[in-house]
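Trainee: 3D model of this:
(one chain, ligands or ions: 1)
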Amino acid sequence: MSAATSLPEPYAQSPVDAQPGGMPLRIDGLLVQGDQGRALLSVPRLEIAEGASLSVRGPSGAGKSTFLLAIAGLLKIDSGLVRWGDHDLSAMPESGRAQFRRRWVGFVFQDHHLFEELSAADNAALPSLYAPPGLRAGIRQRGADALRRLGIDPASRRPVSSFSGGERQRIAVARALSTDPAILLADEPTANLDRDSADLLARDLVGLARTARRTLIVVTHDSALQSSTDRVIDIRDGAMLQGGGDIAAPELA
Ligand SMILES: Nc1ncnc2c1ncn2[C@@H]1O[C@H](COP(=O)(O)OP(=O)(O)OP(=O)(O)O)[C@@H](O)[C@H]1O
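Mentor: Residues are numbered from 1 along each chain as shown. So this is what the prediction gives:
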């Protein structure tokens, strides 16, 4: 397995790019409840500027994935506001949230959610199935480019079931990047990588947020990734502890 290499070109330079930049996030009084009505997550207030990057940390079971799923529109929000730019997820039905996700969000799941029988390139290009015809070739191309830069051969026809854990993780990242998302959300994106590959991926993801003004939020135990993002917040027992409030994007040099 070759080490991950850097992602040198800002994604904004792609010819199919239709994204003006990232999107600011505003959360107010967010509450997510579990099946029995137990409070799984409470976030009183959080504002993140477009182009800012944020790490979320906390012990197992604290509610980190719940936070990510809630701001991706993958969970029903019981009360409060979750708004990306002008898009109020908390007021949308599931169909509207799904549309929003396909258009604006790249999501790296903790367990990758790959299609085992498909190749790396087909997995990376999956968002093209839902995209308007005019954007499909660009998504496929961008998925293949991201795979190559992450050290995976996009020409391989092997099913992803035969790939290692770290390779699968990078395929999941390439898929999230294939649509050039305004918002990139990733659950433990470096968990299965060796130190060098993890550092390169961290640098590239944070660099992408900065140069192309994408909004990046990662759940991570990786202290190197945490320290490369603009802010770190802690979630414990379903509550945001510190570091909330306003998170600004850094000025470009
Ligand atoms: N639909 C649900 N109904 C009830 N409880 C739930 C539901 N979904 C998640 N939980 C519980 O909510 C808590 C938070 O889960 P979550 O996956 O957000 O934790 P996490 O911080 O991401 O943990 P890890 O680091 O282990 O992945 C856990 O105790 C989990 O079992």
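Trainee: Which residue is the nearest non-sequential neighbour of residue 186?
Mentor: Nearest residue to residue 186, sequence neighbours excluded (C-beta to C-beta, 6 or more residues apart in numbering): residue 108, at 3.8 Å. (Glycine included, C-beta is placed from N, CA and C.)
Trainee: Give me the neighbour count for that neighbour.
Mentor: 24 (other C-beta atoms under 10 Å).
Trainee: Surely it and residue 190 touch.
Mentor: No. With contact defined as C-beta atoms under 8 Å, residue 108 does not reach residue 190; the gap is 10.1 Å.
Trainee: so who does the residue nearest to residue 186 touch?
Mentor: Contacts for residue 108 (C-beta atoms under 8 Å, 6 or more residues apart in numbering) come out as 169, 172-173, 176, 184-187, 189.
Trainee: Give me the subset of these lying in strands.
Mentor: 184-187 (DSSP state E).
Trainee: Please list only the buried members of the residues you listed.
Mentor: 184-187 (16 or more other C-beta atoms under 10 Å).
Trainee: got JSON lines for those residues, with pLDDT and distance to residue 197 too?
Mentor: As requested, those are exported to JSON lines (pLDDT from 0 to 100; distance: C-beta to C-beta, whole Å):
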{"residue": "184", "pLDDT": "94", "distance to residue 197": "18"}
{"residue": "185", "pLDDT": "96", "distance to residue 197": "20"}
{"residue": "186", "pLDDT": "95", "distance to residue 197": "15"}
{"residue": "187", "pLDDT": "95", "distance to residue 197": "17"}
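Trainee: Determine which residue of this structure is most distant from the centre point.
Mentor: Within the chain, the residue lying farthest from the chain centre (C-alpha atoms, centre = their mean) is residue 36, at 28.6 Å.
Trainee: which phi and psi does it have?
Mentor: Per-residue torsions, residue 36: phi -90, psi 10 (degrees, to the nearest 10).
Trainee: Start the count at 35 instead of 1 going forward.
Mentor: Okay, residue one is now 35; in that scheme the one you just asked about reads as residue 70.
Trainee: quick revisit: any chance of the contacts of residue 142 in CSV, with distance to residue 60 too?
Mentor: Listed next are those as CSV, based on distance: C-beta to C-beta, whole Å:
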residue, distance to residue 60
203, 30
206, 28
207, 26
210, 23
218, 18
219, 16
220, 21
221, 22
223, 24
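Trainee: Relative to the ligand, which of the residues you listed is nearest.
Mentor: Among the contacts of residue 142, residue 221 lies closest to the ligand (C-beta to the nearest ligand atom), at 7.3 Å.
Trainee: Quickly list what that closest one is bridged to.
Mentor: Residue 221 has these beta-bridge partners by DSSP bridges: residue 253.
Trainee: Tell me who's in contact with it.
Mentor: 98-99, 102, 142-144, 252-253 are the contacts of residue 221 under C-beta under 8 Å, 6+ apart.
Trainee: hang on, residue 169 in a helix?
Mentor: Yes. Under DSSP: H, G, I helix; E, B strand; the rest coil, residue 169 falls within a helix.
Trainee: Against residue 163, how distant is it?
Mentor: Distance, residue 169 to residue 163, using C-beta to C-beta, to the nearest Å: 11 Å.
Trainee: which one of these two has more residues nearby?
Mentor: Neighbour tally, residue 169 and residue 163, criterion other C-beta under 10 Å: the higher count belongs to residue 169, 17 against 10.
Trainee: Roughly how far does that one sit from residue 74?
Mentor: Residue 169 is 35 Å from residue 74, by C-beta to C-beta.
Trainee: helix or strand for the residue nearest to residue 135 when sequence neighbours are not counted, which one?
Mentor: Computed as C-beta to C-beta, 6+ apart, the closest residue to residue 135 that is not its neighbour in sequence is residue 107, at 5.5 Å. Under the assignment given by DSSP states H and E, residue 107 is not contained in any helix or strand.
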